[in-house]
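Participant: model the following, please.
(one chain, ligands or ions: 1)
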Amino acid sequence: MSGTHQPPNAAILVSFPDADAIVESLASFIIKAQKESIDKKGRFTVALSGGSLPKMLRGLIGNPAVKWDKWQVFYADERVVPLDHPDSNHLACTNLLFSKVPIPSDNIHVLDVSLLSDLEELSDAYEKELIREFAQKDAARFPVFDLILLGMGPDGHTASLFPGHELLAEEDRWIAYLEDSPKPPPKRITFTYPVINHAARVVFVAAGKEKVEMLSQVLDNPEAGLPSSRVKPSVPGPTLLVRRRCGVGCRPLSPHSL
Ligand SMILES: O=C(O)[C@H](O)[C@@H](O)[C@H](O)[C@H](O)COP(=O)(O)O
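Facilitator: Numbering: from 1, shown residues only. Sure thing, here's the model as predicted:
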């Protein structure tokens, strides 16, 4: 083990030599979080993103430590397309993970596809899905996810929260929609910051050389207000898993220290 970089927003940054090392470490991190959550509450609430994240979850496949029947899975953001559309985050997660593991389909919370033509109704319905899982069980103002897994775009976006977008200022709603996403497809729903920042754990998985420059912006220049810099769950701050040298002063850390 060599050490961590503590950037101003108190994120924990961990870098790995290659994608396989991230996959392995991410799986152990998730399993540890799962155990703590099930021991405490009997369930594990997790939110997934799209992009390259689903394929980074392959370390969970065939792993007997994963208690799939205790998982409640939501999408931190989802593209407004049918569930079998190539752009669907749910389809990517299904192809790369859920079709290969024994998770009950009722435990995966997907868009109500009968509402795809009305984004307001669609995001309201997804918010109600969260309310059923959290407000009724935990009686909290905002849901407290056990784990939210995020990606980071080369422009610093995360989930479907994009630089300069009005949704960055949303303080009330749990789920919001947009019709002008700069990353296609344009219509999406997304968790808002109140949801992301109330999570017990948030992990960014940001593999790829093209993210190095943006990563240093996000970590070392939070006052610029990039969407990924605004992810600030209270304790212990977000964890960032990145591939290769991150270029912002961090050193490789043993996966076991996660
Ligand atoms: O559905 C989406 O588009 C996302 O959830 C988005 O926020 C993604 O996580 C980032 O764009 C990173 O994507 P990559 O991992 O493919 O770079």
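Participant: going forward, measure contacts between C-alpha atoms and count neighbours the same way
Facilitator: Fine.
Participant: low-confidence stretches in this structure?
Facilitator: 1-11, 136-139, 235-237, 243-258 (pLDDT under 70).
Participant: longest helix anywhere in it?
Facilitator: If you go by DSSP state H, the chain has its longest helix at helix 19-41.
Participant: extract the C-alpha set from that helix and format it as CSV.
Facilitator: Extracted C-alpha coordinates of helix 19-41, given in CSV (Å, rounded to 0.1, in the frame of the first residue of the first chain):
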residue,chain,number,x,y,z
ALA,A,19,-9.4,-2.2,-15.5
ASP,A,20,-9.2,-5.7,-14.0
ALA,A,21,-7.8,-4.4,-10.8
ILE,A,22,-10.7,-1.9,-10.5
VAL,A,23,-13.2,-4.6,-11.2
GLU,A,24,-11.8,-6.8,-8.4
SER,A,25,-11.5,-4.0,-6.0
LEU,A,26,-15.0,-2.6,-6.8
ALA,A,27,-16.5,-6.1,-6.2
SER,A,28,-14.8,-6.3,-2.7
PHE,A,29,-16.0,-2.8,-1.9
ILE,A,30,-19.6,-3.5,-2.9
ILE,A,31,-19.6,-6.8,-1.0
LYS,A,32,-18.3,-5.1,2.2
ALA,A,33,-21.0,-2.4,1.8
GLN,A,34,-23.6,-5.0,1.2
LYS,A,35,-22.7,-6.9,4.4
GLU,A,36,-22.8,-3.8,6.5
SER,A,37,-26.1,-2.8,5.1
ILE,A,38,-27.8,-6.2,5.4
ASP,A,39,-26.4,-6.7,8.9
LYS,A,40,-28.0,-3.3,9.9
LYS,A,41,-31.2,-3.2,7.9
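Participant: can you name every helix or strand that it contacts?
Facilitator: If you count contacts as 3 or more Cα pairs under 8 Å, 6 or more residues apart in numbering; DSSP states H and E, helix 19-41 packs onto strand 44-48, strand 239-243.
Participant: in CSV: those, plus distance to the ligand and mean neighbour count.
Facilitator: Shown next, in CSV, are the helices and strands packed on helix 19-41 (distance: least, Cα to the nearest ligand atom, whole Å; neighbours: other Cα atoms under 10 Å):
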stretch, distance to the ligand, mean neighbour count
strand 44-48, 8, 23
strand 239-243, 11, 23
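Participant: mind giving me a markdown table with those strands and columns for distance to F145?
Facilitator: What follows is these, written out as a markdown table (distance: least, Cα to Cα, whole Å):
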| stretch | distance to F145 |
| --- | --- |
| strand 44-48 | 5 |
| strand 239-243 | 15 |
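Participant: all helices for the stretch 51-200 of the chain, in order.
Facilitator: Taking DSSP state H, counting those that start in this stretch as the test, the helices found in the stretch 51-200 of the chain are 89-96, 119-133, 135-138, 193-197.
Participant: interface residues of the stretch 51-200 of the chain facing the ligand?
Facilitator: 51-53, 77-78, 150-153, 158-160 (Cα under 6 Å from any ligand atom).
Participant: how does it look with 8 Å?
Facilitator: Those residues of the stretch 51-200 of the chain that sit near the ligand, judged by Cα under 8 Å from any ligand atom, are 51-53, 76-79, 88-89, 150-154, 157-161, 183-184.
Participant: what about the closest residue to P227 other than its chain neighbours, neighbour count?
Facilitator: With sequence-adjacent residues excluded and distances taken as Cα to Cα, 6 or more residues apart in numbering, P227 is closest to H157, at 5.1 Å. Neighbours of H157 under the rule other Cα atoms under 10 Å: 21.
Participant: for L91, give its distance to L111.
Facilitator: 12 Å (Cα to Cα, to the nearest Å).
Participant: look at these two and report which has more neighbours.
Facilitator: Neighbours of L91 and L111, each counted by other Cα under 10 Å, are more numerous for L111; the result is 22 against 19.
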